[in-house]
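Novice: got a structure for you, letters missing:
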């Protein structure tokens with residue numbers, strides 16, 4: 001996998017507003033927030049898409065959800081609720097090919113999450 005903006009953030013080659021870090025993951029504020037609270041939780045291990053997750057990655061990927069819940073609790077919005085989203089490939093809206101869990105909160109979320117009519121599968 002080639003270097004992505006996220007690998008550059010992990011390596012401190014470009015700045016980010018980091019809110020959490022451990023040996024497995026990094027969390028930072030989204031630069032284009034879609035809610036009053038919007039941050040990303042990423043694995044330090046580069047995994048391009050959800051489709052590339054292997055059996056050995058299960059604990060790493062589960063850890064992302066653990067960190068999201070821990071931060072939501074610490075930041076005080078866990079009880080009111082929040083949304084987590086992980087996009088996969090072009091039709092899923094993935095723009096950076098290093099898996100990342102979006103955590104959005106601070107407002108009532110609507111459903112469906114899109115505003116445009118979805119494209120049918122071909």
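Specialist: Received it, and whenever you're ready, just let me know what you need. All figures in this text were calculated on a predicted structure; none of them were measured in a lab.
Novice: contacts for stretch 60-77, please.
Specialist: By C-beta atoms under 8 Å, 6 or more residues apart in numbering, the residues outside stretch 60-77 that reach it are 19-20, 22, 24-25, 27, 37, 39, 41-43, 45, 47, 53, 78, 82, 84, 99, 101, 103, 105-106. No exception for glycine: its C-beta is placed from N, CA and C like everyone else's.
Novice: pull out the buried members of those.
Specialist: 19, 25, 27, 37, 39, 41-43, 47, 53, 82, 99, 101, 103, 105-106 (16 or more other C-beta atoms under 10 Å).
Novice: which one of these is nearest residue 7?
Specialist: Residue 7 has its nearest neighbour among those in residue 42, at 9.3 Å by C-beta to C-beta.
Novice: now name the helix or strand holding that closest one.
Specialist: Residue 42 belongs to strand 37-43 when assigned by DSSP states H and E.
Novice: past the helix or strand of the chain with the lowest mean pLDDT, which element shows up next along the chain?
Specialist: Lowest on mean pLDDT, DSSP states H and E among the helices and strands of the chain sits helix 89-92, with a mean of 94. The element immediately downstream of helix 89-92 (helix or strand, assigned by DSSP H and E) is strand 101-105.
Novice: elements contacting that next one?
Specialist: With contacts taken as 3 or more C-beta pairs under 8 Å, 6 or more residues apart in numbering; DSSP states H and E, strand 101-105 sits against strand 37-43, helix 58-75, strand 82-85.
Novice: buried set for stretch 9-24?
Specialist: Per 16+ other C-beta under 10 Å, stretch 9-24 contains these buried residues: 9, 10, 16, 19.
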